[in-house]
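>>> Sequence plus predicted model, see below.
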Amino acid sequence: MFGGLISGLLGGVWFKVALVAVVLVAAAGGAFYWYFTYSQGVIRTLESNAAKAEIAVKIANNENASLRRNFKKQKEENAKLQKDMIQIEVESEELSQLLSRHNLTHLSKRKPGLIENRINKGTRQLFRDIEDASK
């Protein structure tokens, strides 16, 4: 009874339709498997790249903060140096005016001991100041 039915189905249209349906389902399953595997690889790559980018951003932010601190420190030091330079220019101008009021050549010929002692004392002080500044 079933023998004729089975042989009729195997050679008939239903068998061909079922075979085509199985092939299509297998092809769709294979395509889905390939797409799933491919997309998982892409997702892993993107996650890895995102992690690397996050690390790079953290490093860049730390460097940026460090540069800002250094810039602020340099700005403060530059202002201090500028103030010191102005003070030195004022002192230099005062000294220049003082020296222009005195004829040191004439004075050193008249009182050589006085001028020599003052020059030696000033030179020693200058050398001490240079040594202190270089420490």
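Looks like it came in fine.

>>> Which pLDDT does the model give S7?
In this prediction, S7 carries a pLDDT score of 56.

>>> Helices of the chain, residue ranges please.
For the chain, the helices identified by DSSP state H occupy 2-10, 13-101, 104-110, 112-133, in order along the chain.

>>> Mind telling me which of those helices the model trusts least?
helix 2-10 (a mean of 53).

>>> Nearest the middle, which residue of the chain would you pick?
Taking Cα atoms, centre = their mean, the centroid of the chain lies closest to E63, which sits 3.9 Å from it.

>>> Now do that residue against E54, distance only.
15 Å (Cβ to Cβ, to the nearest Å). For the C-beta atoms, the positions are set from N, CA and C on the backbone; glycine is no exception.

>>> cool, and R118?
Using Cβ to Cβ, which is the criterion applied here, R118 is 70 Å from E54.

>>> repeat for Y35
For Y35, the distance to E54 - Cβ to Cβ - is 28 Å.

>>> ok, now E93?
Using Cβ to Cβ, we find E93 at a distance of 58 Å from E54.

>>> same thing with L99?
Here the criterion is Cβ to Cβ. By it, L99 lies 66 Å from E54.

>>> For N78, give me its contacts.
N78 sits next to no residue when contact means Cβ atoms under 8 Å, 6 or more residues apart in numbering.

>>> Roughly how far does it sit from F36?
When distance is defined by Cβ to Cβ, N78 is 61 Å away from F36.

>>> Burial check on S108, number of neighbours?
By the other Cβ atoms under 10 Å criterion, the neighbourhood of S108 contains 15 residues.

>>> now do A18
13.

>>> do F15 as well
Counted with other Cβ under 10 Å, residues neighbouring F15 total 13.

>>> try the one 4 residues further on
Neighbourhood size, L19 [other Cβ under 10 Å]: 10.

>>> May I see the domains of this protein written out as residue ranges?
The chain resolves into domains spanning 2-101, 105-135 when parsed by automatic domain parsing.
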